[in-house]
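**Student:** below are the sequence and a predicted model for it; my questions follow.
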Amino acid sequence: MKKLLAAAALLPLAACIKFGSEPPASLLTIRPAAELPIGETRSSGTAPAITIAVPSVPQELSTTRIPVHSTATTLAYVKDAQWVEQPGRMFARVLSDTIAARTGRVVLSARQSLTDPGAVLTGELRSFGVDARTQQAVVVYDASLMRDAATAFEKRRFEARVPIAQVAARPVADALDSAANQVAAEVAEWVGS
């Protein structure tokens, strides 16, 4: 009986204990603006191929949260905003789809590229967040491209800035989606040149 009373006394406390944080109401993502034709078959035997690596990222982007820089040395994260996965992987997919759609190249995975990678695009996603001082979403990608049969890498920095009305989950995600697609389009033009 004493054990039953003790358990009953602890029951109201159980409702007050939380393990971990509350999940967000929804998760955010970015989508490529360039669409691949459905049902079209491309062959690396007849079209140039390219292997696109998931970009490396600094520690602030090794998370599913959206960084906000209020000064050059101060970082916070957008409240109640969470990506469905880390920005580097989402950005790599936007790059892949955009380059395939705009250049006609066959985009290969790392495993598929073992026999003939074609051109190779690697890089670092240096910024994928908010500059609170300018109220802009900022995407900065440092790309390295080894063209087909080349013996040296070409390097180039791409940057896009899109104004945001307020630092909140949806407006920031929409602005980052737009900035990521701008950068991807510029990279595709560079790869195709």
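**Tutor:** That came in fine, so what should we check first?

**Student:** mind listing what's buried in stretch 86-97?
**Tutor:** 86-88, 90-97 (16 or more other CB atoms under 10 Å). For the C-beta atoms, the positions are set from N, CA and C on the backbone; glycine is no exception.

**Student:** what do you get for stretch 64-81?
**Tutor:** By 16+ other CB under 10 Å, the buried positions in stretch 64-81 come out as 64-69, 77-78, 81.

**Student:** nearest to A132 among the residues you listed?
**Tutor:** Set against A132, the nearest of the buried residues of stretch 64-81 by CB to CB is V68 (5.3 Å).

**Student:** for the chain, what spans make up the helices?
**Tutor:** 2-14, 87-103, 169-192 (DSSP state H).

**Student:** TSV for the ones you listed, including distance to A132?
**Tutor:** TSV is the format used below for the helices of the chain (distance: least, CB to CB, whole Å):
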stretch	distance to A132
helix 2-14	40
helix 87-103	18
helix 169-192	11
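
**Student:** quick check: pLDDT value at K3.
**Tutor:** On pLDDT, K3 comes in at 57.

**Student:** list the residues that contact S127.
**Tutor:** Taking CB atoms under 8 Å, 6 or more residues apart in numbering, we find S127 in contact with 138-140, 159.

**Student:** before we move on, what about A168?
**Tutor:** Contacts of A168 by CB under 8 Å, 6+ apart are 78-79, 81.

**Student:** from the residues you listed, which single one is nearest A49?
**Tutor:** Nearest member of those to A49, counting by CB to CB, is A81, at 36.2 Å.

**Student:** how near is the closest residue in space to A165 that isn't next to it in sequence to S96?
**Tutor:** Closest residue in space to A165, ignoring its immediate chain neighbours: P171 at 5.4 Å, by CB to CB, 6 or more residues apart in numbering. P171 sits at a distance of 26 Å from S96 (criterion: CB to CB, to the nearest Å).

**Student:** R105 now?
**Tutor:** Separation of R105 from S96 (CB to CB) stands at 10 Å.

**Student:** got a pLDDT number for the residue nearest to A165?
**Tutor:** 96.

**Student:** does it touch D177 like I think?
**Tutor:** No: look at P171 against D177 with CB atoms under 8 Å: they stay out of range, at 10.8 Å.

**Student:** between the two, which has more neighbouring residues?
**Tutor:** Ranked by neighbour count (other CB atoms under 10 Å), P171 and D177 place D177 first, with 21 against 18.
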